[in-house]
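**Q** Mind folding the following:
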Amino acid sequence: MREHTVADDRTAGTSAEIDSSVAHPARVYDAWLGGKDNYAADREAAEQAAAANPDILLAVQANRAFLGRAVHHLTADVGIGQFLDIGTGIPAADNTHEVAQRVAPASRIVYVDNDPVVLVHARALLSSTPEGATGYLDADLRDVQTILDQAAATLDLSRPVGLMLVAVLQYIADADDPHGIVTRLLDALAPGSHLVISHPASDIGAEQVAESMRRYNERAPQQEQATPRTHAEVTRFFDGLELLEPGVVQLPEWRPGPE
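**A** Just a heads-up that it's a prediction; the model follows:
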């Protein structure tokens, strides 16, 4: 029997109503990927951001490919058997559990997002292999303790975990201490855990990135607005950790496959 766990609606905030009048990162990302699980406000934000920075459309495809390569490496080469994927977004091709369980069917994955639209799709689509487990938590990245407490129902936090923060940290403002959030998450994980991050860079295509994010932020609620960061600021998230080669690089340069 497949094991598929979802946080209890009464504790996980899943009764929140969908506000389709403002853009949400998960739904904007879905629009960039050509998906249909988004609203007019999301499509407008996606179109305006892409008009200012056309490279976004290539970047989101490169981001999905990077996620797949990173999960495959951690599963096949490092032996990581469980993942905490925060800010997962609307399910698309080659989600974390699909990549991991193709290599190691007993892999256990917990997804975390705060958009009710994502929860609906997670319930329907994020099913596990019979040997493994796939869970979903409705929570905000800022709610570190809630995430850790509920993730422990599916993951064994005394064993190494792959912590996936792919294209999500830009939505945590400096005032909310994103570096502290990452540190608190890592401090709760066992030695041998690995951290995977992707993040827009404010010092690559700076003018286009800044204008693109400005247009997006005009259409997003305060708590979902984006903050670009420099290479040095992103690298700080790995302070105290051993960086895998080739380090913090542009997405296509991180262990590219033959494609």
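
**Q** could you pull out the strands for the stretch 101-250 of the chain?
**A** Secondary structure of the stretch 101-250 of the chain by DSSP state E, counting those that start in this stretch: the strands cover 108-113, 133-138, 162-166, 194-198.

**Q** Same list (those) but as CSV, adding mean pLDDT and distance to residue 215.
**A** Just so you know, the C-beta spots here come from the backbone N, C-alpha and C atoms, and that holds for glycine as well. Listed next are the strands of the stretch 101-250 of the chain as CSV, based on pLDDT from 0 to 100; distance: least, Cβ to Cβ, whole Å:
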stretch, mean pLDDT, distance to residue 215
strand 108-113, 95, 23
strand 133-138, 92, 28
strand 162-166, 98, 22
strand 194-198, 98, 21
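
**Q** which one of these is the most hemmed in?
**A** Mean neighbours per residue, mean count of other Cβ atoms under 10 Å, is largest over the strands of the stretch 101-250 of the chain for strand 108-113, with a mean of 28.

**Q** now the angle from that one to strand 162-166?
**A** Strand 108-113 runs at 30 degrees relative to strand 162-166, counting by axes from the mean of the first three to the mean of the last three Cα atoms, to 10 degrees.

**Q** got the end-to-end distance for stretch 134-144?
**A** Counting by Cα to Cα, to the nearest Å, you get 19 Å between the two ends of stretch 134-144.

**Q** ends of stretch 215-233, how far apart?
**A** End-to-end distance for stretch 215-233: 22 Å, by Cα to Cα.

**Q** now stretch 131-147
**A** End-to-end span of stretch 131-147 (Cα to Cα): 23 Å.

**Q** ok now it, how far from the chain's centre?
**A** Relative to the chain's own centre, stretch 131-147 is displaced by 12 Å; criterion: Cα atoms, centre = their mean, to the nearest Å.

**Q** gap between stretch 171-189 and the chain center?
**A** That offset, for stretch 171-189, works out to 14 Å (Cα atoms, centre = their mean).

**Q** Could you number the chain from 8 rather than 1 from now on?
**A** Sounds good: first residue 8 from here, last item stretch 178-196.

**Q** Buried residues, it. List them.
**A** With burial defined by 16 or more other Cβ atoms under 10 Å, the residues of stretch 178-196 counted as buried are 178-179, 185, 188-189, 192-193, 195-196.

**Q** longest single helix anywhere in the protein?
**A** As assigned by DSSP state H, the longest helix anywhere in the chain is helix 62-80.
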